[in-house]
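> next one to model:
(2 chains, ligands or ions: 1)
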Amino acid sequence: MPKDHGIGASPKRREDVRFLTGAGNYTDDINIHGQAYVAFLRSDVAHGRIKGVDTSAATDMPGVVRIFTGADFEGVGGLPCGWQVTDRHGEPMQEPAHPVLAQGKVRHVGDPIAAVVADTPEQARDAAEAIEVDIEELPAVIDMKAALKDGAPKVHDDLTSNLCYDWGFVEENKAAVDEAFGKAAHVTTLELVNNRLIANPMEPRVAVGDYSRATDESTLYTTSQNPHVIRLLMGAFVLGIPEHKLRVVAPDVGGGFGTKIFHYAEEAFCTFAARQLARPVKWTASRSEAFISDAHGRDHVTKIELALNGDNNFTALRTETYANMGAYLSTFAPSVPTWLHGTLMAGNYKTPLIYVNVKAVFTNTVPVDAYRGAGRPEATYQLERVIDKAARELGVDPIELRRQNFITEFPYATPVAVEYDTGDYHATMDKLLEMMDRDGFDARAAESQKRGKLRGLGVNCYIEACGIAPSNLVGQLGARAGLYESATVRVNATGSISVMTGSHSHGQGHETAFPQVIAEMLGIDESMVEIVHGDTAKTPMGMGTYGSRSLAVGGSAMVRATEKIINKAKKIAAHLLEASEADIELKDGAFTVAGTDKSVAWGDVTLAAYVPHNYPLDEIEPGLEETAFYDPANFTYPAGAYACEVEVDPDTGKVTIERFAAADDFGNVVNPMIVTGQVHGGLAQGIGQALLEGAAYDENGQLLNGSYMDYAMPRADDVPFFQVDHSCQTPCTHNPLGVKGCGEAGAIGSPPAVVNAVVDALQRAGREVTHIDMPLSPARVWAALNG
Amino acid sequence: MYAFDFEKPGSIADAVAALKDEDAQALGGGQTLIPTLKQRLAMPSKLVSLTGIAEMQGISKAGGEIVIGGATPHAAVADGVAGDYPALAELAAHIGDPAVRNRGTIGGSLANNDPAACYPAAALGSGATIVTDRREIVADDYFQGMFTTALDEGEIVTGVRFPVPEKASYMKFEQPASRFALVGVFVAKYADGVRVAVTGASEEGVFRWSEAEAALSSDFSPAALDGLSVPADGMISDLHGSGAYRAHLVAVMAKRAVAAAG
Ligand SMILES: Cc1cc2nc3c(=O)[nH]c(=O)nc-3n(C[C@H](O)[C@H](O)[C@H](O)COP(=O)(O)OP(=O)(O)OC[C@H]3O[C@@H](n4cnc5c(N)ncnc54)[C@H](O)[C@@H]3O)c2cc1C
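Take a look at the predicted model:
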């Protein structure tokens, strides 16, 4: 019988009631009396020198409150980068300034030049159009390899080149890796592109700045995945506002996918302008603005080589990647192609020697940063593609080649600095084979052929690293932040509970899943637990939600705080029951003296804590509220095996996904329905990357697909009914819940499955196609078929 | 959007009068025009809505032809002609999404003449007659290149007359993002011959593929098109496909349309 409450049950998401009935409270729903509106004037050229900004005509237009330009931000801090990477030679990365409004130069289409604050949004836009900007257009650098050539135009004049860093990992292994390649029986090489993606959360970004002259307090309402991080970065580095005078609220957020982690210029602008004008200031991005101002994702160009010995064991792996940073360093951009990518290159395999080289490059494009999976999809894609290619070259079964190289003993220290605590890759592969009906493939392929279609099957594995930690280690790696999470469990007098968490929920279902954990621990009903998040004034300092960390890190903080609650409550119960604390048991919401029928209810204990008449005041304080900060000992390592079956229409090149099976190991699962939903969403995004999406710039740096007319997001009929399983569970060994994280797995594991399947279909049809770059649009597949 | 005045007349005559003002513009379902206004790419002084004009709504039959009012939304066409002209109904049923189909109008689509739109293929492929407030224009004269038609300033498409073919079919290969036609081919067989109209492909907008028409007029079967192709020159080349790819798709979709027409 499936459980009907607590850990392992699948109650419906309580937050969906407000979302589905239009009662959500999103940032754009926040309107403060007297607010003014901002319109940004953005660069329409990719690279240029600003010779003058004439606001005189615009200033006199109706409703204009004030116009700001880069000059207004001289002496104000720039947007900080939260991660410093050290290069192969021990030198720090090149870190350019990132002003709130452009100063001197514009560096990508969409770079904000000026901002108009006016009484209405239309007046702000009218005035923005009336600003005259004199820009001397400069040649743009778009292609990464061209950007690194001698004499290439420089995105930042004060840097020595467009190279942000040249990173080697593990540099000390390089010679040994090269030597192993010299001795290899077989080497498979693959060059590929991991296409640039635009996250496109359903809710565009919004910022509302407010300022109280009475208290000298600033408040920023913003569409963020991590309000405390924004408060820290903006308060300390940009505007110089101490924490106690700065509140950041991220209310309901309509999807983030990474792109709402970062601190953006518009947030700093609205907070700054509200202080200057002593008036609330609001900005709501249009969808067109989102395309050219939200950080993009991926955009790697990679060459990967895999060395095998005569027994087809992997002996070494070597990669060279060019990673696009865009025009500025977005908040966590440098970490994505390095520590979130290089450390995952072992995958599920015991390759003994690995060397990863990454060159991060500045170009005249929108900044690139973490997007669902962040670095791990890039690692998985190249590794699982090169293994597939190797299997075809060697004429061996791609599944068997993977199996024979699986890591089977845990803990396992990879040659790329991480230690997998637990896993069972054969188990997920066995489960996948059961789900995908491999034996039936030939019959299905024959049936496709009758209809003139080519059927193909792609299989791959993935490993992920979630809940990046511990803080002291990531500090050594260059993080300028800690990566713990916090929780305050406030038990109220009548026994209801408010949990203040630093994790932010923007689609993950925390408000449903977190209470399941607490209810399980206390034996009370979930409805007694409320989750409070997204407001620095209400919750302890927390790091927010990204990297599939919320349950593993935030949930663990909640467990620790709840354990403290239980300890204290037992003391109170022991006093009420006149028993020894050691004999008190908590079960089904009541405290019992072991071996007796003497008990006191949860609500009586909590009431005693706040009405402490009969209470051990000489031993413990009144009240029942505890806070915990949890800093994990290690990452968690979810893993799985995915299978995709496609049909290719050889006449048009159109690929349709006929079947998709995902066998994941997420460790323990708190709410299986939510986990299934997270996998569905991730798979749809991964399939979107594989078949449909890809930001395209022309040589002048104009975004060619800056709207939904040309940028193809996946729709319901682009994906099949998924088969999803998470019954293979090797619990994480170092967090109290044994959970691993499931938010990104689908987006990480699915692109190689799709591409492997298409290549398989083409090869079965006798075509010598070994690779097609994503997105596998009909035109590209047709070109490959007829190439 | 820039500010504009708004009128919703109840008759064609009032609409024509209202459109005489400088920079006044007709508003059909707004599915093209409103996004254009939101992007501030157009600045009409006045919008004259055509959706309140009863004489421009609905579907009727006259003399072997189907007559569709110029302000009839796509969804009404999809329902209304399903029995008499299933290929046209199918085409209308696959334009955009339900919101687009319930707002967007046949007159708006034909006036706009987007090179990737579906209705132009049906009108040209059926040899339809475009009826305006002042004249009748046969489809062969009406379409004059991308976003260009024979309409004069302030002229309103009040209706479209479609001769009903013996057999017909529309095959649309969707552009992955917009789901407009990357290539769409409308094939219709009439007693006096076959018409083949192609949308999505050409830099000149919708066009008739006369070679295919000749071949199909003597033998209405997919095999009749074997070996025929349109030149890649002059075909649209963009992010979603080269001219050569589009030219190839024209032949593929034409064959499929013939096969589907039966
Ligand atoms: C998401 C989306 C998907 C779409 N997908 C498709 C698709 O797959 N295939 C397709 O063919 N189309 C598609 N369209 C376009 C849609 O069919 C539009 O409705 C149509 O092109 C314009 O019709 P409308 O009535 O909305 O015209 P409007 O947007 O109101 O007007 C368009 C132009 O026509 C003029 N106009 C309007 N009515 C008349 C008239 N009766 N006489 C003279 N001039 C007039 C207007 O002044 C304006 O210049 C899509 C649109 C959207 C938003």
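
> for stretch A:541-553, which positions count as buried?
A:541-553 (16 or more other Cβ atoms under 10 Å in any protein chain shown). For glycine as for every other residue, the C-beta is placed from the backbone atoms N, C-alpha and C.

> please apply the same query to stretch A:22-35.
Buried-residue list, stretch A:22-35, by 16+ other Cβ under 10 Å: A:24, A:27-28, A:30, A:35.

> check whether stretch B:181-201 contacts the ligand.
No: contact between stretch B:181-201 and the ligand is absent, the nearest approach being 6.5 Å (criterion: Cβ under 6 Å from any ligand atom).

> for that stretch, measure first residue to last.
This stretch, stretch B:181-201, spans 8 Å end to end (Cα to Cα, to the nearest Å).

> how far is that stretch from where the chain is centred?
For stretch B:181-201, the distance from its own C-alpha centre to the chain's C-alpha centre is 12 Å (Cα atoms, centre = their mean, to the nearest Å).

> just stretch B:167-179 next, same as before
In terms of Cα atoms, centre = their mean, the centre of stretch B:167-179 is found 12 Å from the chain centre.

> pLDDT on it, on average?
The average pLDDT within stretch B:167-179 is 98.

> now stretch A:104-112
Average pLDDT, stretch A:104-112: 98.

> other SSEs contacting the least confident helix or strand in chain A by mean pLDDT?
The helix or strand of chain A with the poorest confidence is helix A:471-476; it has a mean of 91 (mean pLDDT, DSSP states H and E). Judged by 3 or more Cβ pairs under 8 Å, 6 or more residues apart in numbering or on different chains; DSSP states H and E, helix A:471-476 has no packing partners among the helices and strands.

> dump the C-alpha coordinates for that helix into PDB.
C-alpha atoms of helix A:471-476 as PDB (Å, rounded to 0.1, in the frame of the first residue of the first chain):
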ATOM      1  CA  SER A 471      31.400  25.500   1.900                       C
ATOM      2  CA  ASN A 472      35.100  25.300   2.900                       C
ATOM      3  CA  LEU A 473      35.900  23.200  -0.100                       C
ATOM      4  CA  VAL A 474      34.000  25.400  -2.600                       C
ATOM      5  CA  GLY A 475      35.700  28.400  -1.000                       C
ATOM      6  CA  GLN A 476      39.000  26.800  -2.000                       C
END
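
> can you list contacts of it?
A:339, A:468, A:479, A:481-484, A:631 (Cβ atoms under 8 Å, 6 or more residues apart in numbering or on different chains).

> return a ChimeraX selection command for the buried portion of these.
Of the contacts of helix A:471-476, the buried ones go into a single ChimeraX selection, burial set by 16+ other Cβ under 10 Å:
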select /A:339,468,479,481,482,483,484
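
> any chance of the contacts of helix A:471-476 in a markdown table with secondary structure, distance to A:Glu419 and pLDDT as columns?
Output for these, formatted as a markdown table (DSSP: H, G, I helix; E, B strand; the rest coil; distance: Cβ to Cβ, whole Å; pLDDT from 0 to 100):
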| residue | secondary structure | distance to A:Glu419 | pLDDT |
| --- | --- | --- | --- |
| A:Trp339 | coil | 15 | 96 |
| A:Ile468 | coil | 14 | 88 |
| A:Ala479 | strand | 19 | 91 |
| A:Ala481 | coil | 22 | 88 |
| A:Gly482 | coil | 21 | 91 |
| A:Leu483 | coil | 17 | 93 |
| A:Tyr484 | coil | 20 | 94 |
| A:Asp631 | coil | 17 | 96 |
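
> adding distance to the ligand, write the contacts of helix A:471-476 out as a markdown table.
Shown next, in a markdown table, are the contacts of helix A:471-476 (distance: Cβ to the nearest ligand atom, whole Å):
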| residue | distance to the ligand |
| --- | --- |
| A:Trp339 | 41 |
| A:Ile468 | 40 |
| A:Ala479 | 43 |
| A:Ala481 | 41 |
| A:Gly482 | 45 |
| A:Leu483 | 42 |
| A:Tyr484 | 45 |
| A:Asp631 | 48 |
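
> turn the contacts of helix A:471-476 into JSON lines, columns for distance to A:Thr59.
Output for the contacts of helix A:471-476, formatted as JSON lines (distance: Cβ to Cβ, whole Å):
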{"residue": "A:Trp339", "distance to A:Thr59": "47"}
{"residue": "A:Ile468", "distance to A:Thr59": "47"}
{"residue": "A:Ala479", "distance to A:Thr59": "43"}
{"residue": "A:Ala481", "distance to A:Thr59": "40"}
{"residue": "A:Gly482", "distance to A:Thr59": "45"}
{"residue": "A:Leu483", "distance to A:Thr59": "46"}
{"residue": "A:Tyr484", "distance to A:Thr59": "48"}
{"residue": "A:Asp631", "distance to A:Thr59": "51"}
